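Colleague: Sequence plus the predicted model coming up.
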Amino acid sequence: MKIVVYYGFTEKELDLMKDRVAKLGHELIHVTTDEEAIAHIDKAEVLMGHFSPVVTNAGKRLKWIQSFSAGMDKLLDKDITERDDLTITNMAGLYAPQGGEHAWALLLALARGVVPALQSQIRGEWKGGAAIEITGGVLGIIGLGGFGIETVKRAAGYDMTVLALDPVRTDSPEGVLEIRKPTKENLHSLLKRSDAVVVTCPRTEETYHMISRDEIACMKDTAYLVCTSRGGIIDENALLQALEKGSIAGAGLDVTEVEPLPANDPLWKAPNLLLTPHRAGASQHRPRKVYEFFNAQLDRYLNGQPVINVVGKRRGF
């Protein structure tokens with residue numbers, strides 16, 4: 001069996017994997033470009049890491065792809081979704097702790113006026129922005145995957161009442177008072193009741209621009225909106241208008257519909273908006289976690305056991 005790894009593991013990690021699979025009669029090949037991947041993928045059964053349509057379309061013998069990402073919105077083209085013989089797994093849950101931390105970093109920075117204080121510090125001025133207490137408030141969570149659950153866990157420290165929407169879960173996890181399906185009616189209800197809303201759901205056809213003008217209009221003018229999962233779930237034009245009018249208190253985005261955000265995009269100058277460059281899943285532990293997870297998955301696959309984190313290709317997550 002040929003296994004193609006298209007990911008930046010260290011030389012030591014690659015050597016360990018190569019030796020291990022070679023003892024089982026298999027071959028592991030490391031590639032660093034699409035061109036290198038295409039040169040080997042036609043005879044490969046397994047692909048780990050990056051996969052673009054140009055690579056996967058050349059891999060007619062592929063049976064399993066392990067993505068290095070949790071989100072699948074930019075990776076599932078039509079050709080892949082229609083291949084019933086191809087299993088795709090992702091890293092869902094692997095980056096969840098840091099995702100929860102990042103959501104709270106954005107929310108607390110907004111509520112406690114950290115950004116205005118930092119801007120004042122740069123100017124040498126002893127002043128900051130508004131300081132809002134969120135303890136005891138209502139937190140709305142859209143999506144109870146790994147990021148969502150870890151965000152919920154941290155809400156307990158602020159005595160918040162947590163409301164949630166999720167298309168799959170029906171039981172309320174610990175710390176969640178209420179969970180409902182993400183219908184428009186339920187979404188509007190959650191937005192109306194929440195003092196802060198954190199978006200942690202995947203981007204799919206159903207969630208694209210899920211939060212637009214009508215939805216933002218439901219929110220309190222004192223509420224905050226944070227997104228740490230994928231750009232495009234929040235309609236950025238609608239958000240920009242709301243921030244300019246003061247319809248909501250502020251927003252924090254770790255993701256945008258176009259990344260990197262173009263230099264001329266008006267979001268850069270939006271009032272009460274905190275932007276971070278898609279870093280919610282980052283941590284010092286991420287490389288180790290990816291290596292350990294893939295090795296465990298590869299063991300399952302080579303031993304004929306089911307792999308975990310199987311993606312529903314047609315539903316998008």
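Modeller: On my side now, so go ahead. Numbering: from 1, shown residues only.
Colleague: all strands of the stretch 201-317 of the chain, in order?
Modeller: For the stretch 201-317 of the chain, the strands defined by DSSP state E, counting those that start in this stretch occupy 224-227, 250-253, 273-275.
Colleague: okay, those in TSV with mean neighbour count next?
Modeller: Any C-beta I mention is one placed from the backbone N, CA and C, and that applies to glycine too. Formatted as TSV, these follow (neighbours: other Cβ atoms under 10 Å):
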stretch	mean neighbour count
strand 224-227	27
strand 250-253	26
strand 273-275	19
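Colleague: Isn't Phe145 up against Asn90?
Modeller: Slight slip there: residue 145 is Gly, not Phe. No - under the criterion of Cβ atoms under 8 Å, Gly145 is not in contact with Asn90, lying 10.5 Å apart.
Colleague: Could you tell me the model confidence score at the residue most central in space within the chain?
Modeller: The centroid of the chain falls nearest to Ser229 when counting by Cα atoms, centre = their mean (3.3 Å). Ser229 carries a pLDDT value of 97.
Colleague: Can you tell me the closest non-neighbouring residue to it?
Modeller: Distance criterion Cβ to Cβ, 6 or more residues apart in numbering; nearest residue to Ser229, sequence neighbours excluded, is Thr200 at 4.9 Å.
Colleague: one step back: what residues are shared contacts of Gly145 and Asn90?
Modeller: Ala70 (Cβ atoms under 8 Å, 6 or more residues apart in numbering).
Colleague: Phe147 against Thr200, yeah?
Modeller: Yes - using Cβ under 8 Å, Phe147 is in contact with Thr200, at 3.8 Å.
Colleague: Identify the contacts common to those two.
Modeller: Counting by Cβ under 8 Å, 6+ apart, the residues touching both Phe147 and Thr200 are 99, 103, 228-229.
Colleague: May I see the residues you listed organised as JSON lines, with distance to Val5 added?
Modeller: Listed next are the shared contacts of Phe147 and Thr200 as JSON lines, based on distance: Cβ to Cβ, whole Å:
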{"residue": "Gly99", "distance to Val5": "25"}
{"residue": "Ala103", "distance to Val5": "31"}
{"residue": "Thr228", "distance to Val5": "28"}
{"residue": "Ser229", "distance to Val5": "26"}
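Colleague: Asp195: which of the residues you listed is nearest?
Modeller: Using Cβ to Cβ, Ala103 comes nearest to Asp195 of the shared contacts of Phe147 and Thr200, at 14.5 Å.
Colleague: Could you count how many residues lie near the residue nearest to Ser229?
Modeller: The tally of other residues near Thr200 (other Cβ atoms under 10 Å) stands at 29.
Colleague: could you list every residue that touches it?
Modeller: By Cβ under 8 Å, 6+ apart, the residues touching Thr200 are 99, 103, 141-145, 147-148, 151, 227-229.
Colleague: Could you report the pLDDT at it?
Modeller: Looking at Thr200, its pLDDT is 98.
Colleague: Leaving out chain neighbours, which residue sits closest to Gly148?
Modeller: In space, and not counting its chain neighbours, Gly148 is closest to Thr200: 4.0 Å by Cβ to Cβ, 6+ apart.
Colleague: sorry, that was for Thr161
Modeller: Nearest residue to Thr161, sequence neighbours excluded (Cβ to Cβ, 6+ apart): Val138, at 4.9 Å.
Colleague: what's the spacing between the one you found and Arg154?
Modeller: Counting by Cβ to Cβ, to the nearest Å, the separation of Val138 from Arg154 is 15 Å.
Colleague: Next step: the contacts of Thr200 restricted to helices.
Modeller: Judged by DSSP state H, helices contain the following of these: 99, 103, 147-148, 151.
Colleague: Show the buried residues in those residues.
Modeller: 99, 103, 147-148, 151 (16 or more other Cβ atoms under 10 Å).
Colleague: count of neighbours near the closest residue to Pro167 other than its chain neighbours?
Modeller: Setting aside the residues directly before and after it, Pro167 is nearest to Pro182 in space (Cβ to Cβ, 6+ apart), at 5.6 Å. Using other Cβ under 10 Å, Pro182 has 18 neighbouring residues.
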